[in-house]
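J.: Quick one: sequence plus predicted model below, questions after.
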Amino acid sequence: MTADQVREDNAELDRRLLGLARLLDPARLPERDGEEAWSAAQVLAHLGEFPHFFAGDLRRWLADPQAPVGRTVEHEDRLAAVAAATRKDRAELVADMATAFADLDDALGGLREAHLSAPMHNRKYGAEPLPAFLDRYVLGHKRAHLDQLANQTPAGRDAST
């Protein structure tokens, strides 16, 4: 994958996620499919938070390849965003997503071909190449949430394609 392909894949995922989020029934956003599952509102809130975090990680790493990246599921900002989801309406959640996506898109603008084979130090997983970081925290992460949201509404399947 080239740096341009990373940016294109990211932009397409953003487009699909925002389109799907706008189609979700606002009345059903707080519904959860089981005790452990997140509601659509919680997923949207997470999508409005994590791109900011990983944009910062990427910028720090681009400036200093020794800077550690990554986080665990217990990260305080992640938990706070998910907890605050019920206090926001769909429009606010979607606006937060759009802002976070733009921030990550901006950070990905600094990505060059040479970076794709450079090693990173992940706080949780140790040494790994940049594509592993992008899959785990950015592109693969967004794909997983796209599937999750698409499964929460019949209209979502059409919007996500």
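T.: Sure thing, it's come through.
J.: in this protein, which spans are strands?
T.: In the chain, the segments counted as strands under DSSP state E are 68-69, 119-122, 126-129.
J.: Just send the ones you listed back as TSV, with mean neighbour count and distance to residue 149 too.
T.: For every residue, glycine as well, the C-beta is placed using N, CA and C. As requested, the strands of the chain are exported to TSV (neighbours: other Cβ atoms under 10 Å; distance: least, Cβ to Cβ, whole Å):
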stretch	mean neighbour count	distance to residue 149
strand 68-69	18	26
strand 119-122	17	26
strand 126-129	12	27
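J.: In JSON lines: those, plus mean pLDDT.
T.: Listed next are those as JSON lines, based on pLDDT from 0 to 100:
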{"stretch": "strand 68-69", "mean pLDDT": "92"}
{"stretch": "strand 119-122", "mean pLDDT": "93"}
{"stretch": "strand 126-129", "mean pLDDT": "93"}
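J.: And those strands: which comes nearest residue 95?
T.: Proximity to residue 95, assessed across those by Cβ to Cβ, is greatest for strand 68-69 (26.8 Å).
J.: Could you pull out the helices in this structure for me?
T.: 3-23, 40-47, 50-63, 76-83, 90-108, 130-133, 139-150, 154-159 (DSSP state H).
J.: Out of those helices, which is the most enclosed?
T.: helix 40-47 (a mean of 25; mean count of other Cβ atoms under 10 Å).
J.: thinking again about what came up before, what would the strands of the chain look like in a markdown table with distance to residue 102?
T.: Formatted as a markdown table, the strands of the chain follow (distance: least, Cβ to Cβ, whole Å):
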| stretch | distance to residue 102 |
| --- | --- |
| strand 68-69 | 20 |
| strand 119-122 | 23 |
| strand 126-129 | 26 |
